[in-house]
Structures are given as C-alpha cells and as structure tokens.
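1. Fold the following.
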Amino acid sequence: DDPFLELTNAAVGVDNPANFFDSSAATTRLGHYVGRPGGIMERFSFGGPNDSFNKREQRTFTIGDTLSWTTTSHALRMGGEFRHNRYDTNLPEEQATEFEKFDNFTMLLRGLATEADTQFGITDKQFRFNDFNLFVADDWRLSRTLTVNAGVRYEFFGLPTEVNGWIGNLNFDALTNADNPVNAFIVPKNVQNTGFAAVDAAIAASQKADNNHTLNGQDWNNLAPRVGFAWTPTDRWVVRGGYGIFYDRPSAAYMNTVFSNYPFLREQEVTFPASAVPLNAAWSQQDPTFPFNQYLPNEIVRTGGADARCGQRSHRV
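-> The predicted structure is shown next:
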C-alpha cells in the first residue's frame, strides 16, 4: 500500500512483457535504475530493488514419540519422528525490469541504458517434502566405574516436489543434439499446465521424468551408528569418549538454485544497440505468447560488417 507503488513502469512508458504473466505490484512497480560501477554514476540508483517482493515462507509440521525403558544396568531409549515441510516461495527478482550501467545522467534523460534486464513466466512455487527418522540407544552400565553407550539412528530426507509440478531440470544423458538442448530438459510427471501458451508449449516439448522431483537417486542409506563411554577411574576424574555419524538436511533455500529453470521462466538481457538500449522499447520485440522452447537454440549471428566472417549458422533470436 506504499504510495510509491503507484509509480509503475507503464506510468513512465516502459512496456514490460512480464505484465502478461503477473499483474501484481511485484511486476507492475517501477523498475530498478542503476549507474555503472566504478564510474561517475557508481552511487546512482533508484526504483524498487530486486528483492523487494521476494517471498519465502517455510512451515514444518512434526509428530514424534520416544519410549524409555530403565533397568538396573540399562537405560534403553527408542523412538521416531516425522516432519512434513512446506516451502512456499516467489522470487520475482528482476521481473519488474532493471536498467543498468548508465554512464552519465544525460544518458538517462535521453531514455537510453547500456543494459536492460527482465524475466517473465511462472515465479510462484509451492514445494513439499517429508523427512522421518528412527533411533534406538542404550546406556549400559558395565560396572560402577564404566558405562558404555551404543545406538543407531536412521534419517530419511525426502526430495522436494512442487504442488503443480512447476520445476524443470536438465538431463545431459538425453542430449542428442549439441546445437539444440530442447530434448534434454525434463519436467516432473505431475506437471500441470499453467494457462499461459508460451509456457505450456515448452512444457509439452519437454521430457517427462518418472518421478515428481526430476532428480536422480533418492538417498535411502543414512544409517548413523554412535558409540561412546564414560569411565570414572577416581572420584575426581571422568574420562569420556565417543564416535558417531550424523546426517542433516541443508536449508530449503537450496531449491532457489533451480527456481528460475526453463521451461517455466524466461530471462531477457538486452544490450543492443550498444550503450543505447531504449528504455521504452527494450522488449518491443518480445511476444509473451511465443513458446519458450522456440527460443532454443538462441544464437546471434552477425551477417554483415567486419565480423561477418565469424558468423555461425543463423537461428531464431
């Protein structure tokens, strides 16, 4: 509800293709304008920073129990725990546009930038994953001065899935054409259409994995033994020692590394004309209904001028 959000890209004449996919303030807001690092515009920056509207909400539901049984020489414990993790995330990042590397203020007044960035597609994701563990341990009092502890724990960390199957990955074994990687992209078997033709066409062109996470090798062997002792040679001295193997789940933030993967998101970086990218027409040739898979392979070829001899075969850009 900040009044600043009323100043949008559209209000200053910047046409952003991401608005086709998302009409929230994260996208319609005024983009980010940044001067060139190391130059006279190094400290120049205004507009919404990229992380302003990022969302990360993690909730964990846990149920567990432990049973203890004690005798004269044993203290036995056994139990287990189940955790259901929900990680909802939305990282619009540069979706609202970003114009960078202004050499001077006159460049901005002329409506030109050195680089223009945006991305568009599906950015709202709902990840789910389950963990569980079992353990048994015993404190065995061998004598008045020596106690031995032994036990074993089993940990399972489930691979993350997305509620709608909106995650993508890359299977290099399926790459049959080095010039066109489309066949190597995979999506989960539970993938749902998004309602956007550009994304759904790319989903249809991707291979379906035989699971809901697109990853290889669920880890089932996290067996963690532990052993230790406590020895009391005198009333004033206690010697302790132990050894164990431990497993833990990394932070759920690692899923952000695959968050922007094709076929659900397309990133655009415009650097042409050199040092003269028009702010109001940087993405004028972007059709938000054009299938994402049709951008691959993406190869820019110079067909004239001094560097023409370096050209490769021409593809759609």
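2. residues in contact with stretch 65-79?
-> 64, 80, 134-142, 151 (C-beta atoms under 8 Å, 6 or more residues apart in numbering). No exception for glycine: its C-beta is placed from N, CA and C like everyone else's.
3. For stretch 223-237, list every residue counted as buried.
-> 226, 228, 230 (16 or more other C-beta atoms under 10 Å).
4. which residues touch Val277?
-> Applying C-beta under 8 Å, 6+ apart, the residues near Val277 are 99, 112-116, 270-271.
5. State the distance from it to Asp117.
-> Per C-beta to C-beta, to the nearest Å, Val277 is found 10 Å from Asp117.
6. I'd like to know which helix or strand in this protein has the lowest mean pLDDT.
-> strand 45-47 (a mean of 85; mean pLDDT, DSSP states H and E).
7. Quick check on the nearest residue to Pro288 once chain neighbours are set aside: phi, psi?
-> Spatial nearest neighbour of Pro288, excluding adjacent residues (C-beta to C-beta, 6 or more residues apart in numbering): Phe20 at 3.7 Å. Dihedral pair for Phe20: phi -70, psi -30, per degrees, to the nearest 10.
8. Surely Phe20 and Phe120 touch.
-> Yes - look at Phe20 against Phe120 with C-beta atoms under 8 Å: they come within range, at 6.9 Å.
9. Flag every buried residue along whichever helix in the chain runs longest.
-> Of all the segments of type helix in the chain, defined by DSSP state H, the longest one is helix 197-205. Neighbour-count burial for helix 197-205, counted by 16+ other C-beta under 10 Å, picks out 198-203, 205.
10. all strands for the stretch 101-250 of the chain, in order.
-> For the stretch 101-250 of the chain, strands defined by DSSP state E, counting those that start in this stretch occupy the ranges 112-113, 115-121, 124-141, 146-157, 161-162, 169-170, 185-187, 207-208, 222-234, 237-244.
11. what residue ranges in this protein score low on pLDDT?
-> 1-2, 50, 251-254, 256, 298-317 (pLDDT under 70).
12. The same query, at a cut-off of 80, please.
-> For the chain, the stretches flagged by pLDDT under 80 are 1-5, 39-40, 42, 48-52, 93-94, 178-179, 250-260, 297-317.
13. those helices in it, which residues are they?
-> Using DSSP H, helices in the chain cover 25-28, 105-109, 197-205.
14. Not counting the first one itself, show me its contacts.
-> Read that as helix 25-28. 5, 8-10, 16, 18-19, 21, 52-53, 90, 92, 95-96.
15. Would you mind checking those for buried ones?
-> Buried among the contacts of helix 25-28 by 16+ other C-beta under 10 Å: 8-9, 16, 18-19, 21, 52-53, 90, 92, 95-96.
16. neighbours of the closest residue to Val136 other than its chain neighbours, just the number please.
-> Excluding its sequence neighbours, the residue lying closest to Val136 (C-beta to C-beta, 6+ apart) is Met78, at 4.3 Å. Using other C-beta atoms under 10 Å, Met78 has 15 other residues around it.
17. what pairs with Met78 across the strands?
-> Leu67, Val136 (DSSP bridges).
18. For stretch 173-187, give me every contacting residue.
-> 165, 167-172, 203, 205-209, 214, 262-263, 293, 296-297.
19. at 6 Å instead, please
-> 168-171, 203, 205-207, 209, 214, 262, 293, 296-297 (C-beta atoms under 6 Å, 6 or more residues apart in numbering).
20. Only alpha carbons, please: show that stretch as CSV.
-> The C-alpha trace of stretch 173-187 is given here as CSV (Å, rounded to 0.1, in the frame of the first residue of the first chain):
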residue,chain,number,x,y,z
ASP,A,173,22.1,-38.2,-20.9
ALA,A,174,19.1,-37.2,-23.1
LEU,A,175,21.1,-34.6,-25.0
THR,A,176,21.1,-35.9,-28.6
ASN,A,177,21.8,-32.6,-30.4
ALA,A,178,24.5,-30.4,-29.1
ASP,A,179,23.2,-27.5,-31.1
ASN,A,180,19.7,-27.7,-29.7
PRO,A,181,19.3,-28.6,-26.0
VAL,A,182,15.4,-28.8,-26.0
ASN,A,183,15.4,-32.6,-25.8
ALA,A,184,17.5,-32.6,-22.6
PHE,A,185,15.1,-30.6,-20.5
ILE,A,186,12.8,-32.6,-18.2
VAL,A,187,9.7,-31.8,-16.0
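21. Buried residues in it, which are they?
-> 181-182, 184-187.
22. if I look at Ile167, how far off is Thr271?
-> For Ile167, the distance to Thr271 - C-beta to C-beta - is 29 Å.
23. cool, and Pro250?
-> In terms of C-beta to C-beta, Pro250 sits 35 Å off from Thr271.
24. higher neighbour count, the two?
-> Between Pro250 and Thr271, counted using other C-beta under 10 Å, the more crowded position is Thr271 (15 against 8).
25. In contact with the residue lying closest to Asp124 once chain neighbours are set aside, which residues are there?
-> Closest residue to Asp124 apart from its sequence neighbours, by C-beta to C-beta, 6+ apart: Asn90 at 4.5 Å. Contact analysis of Asn90 by C-beta under 6 Å, 6+ apart lists 55, 123-124.
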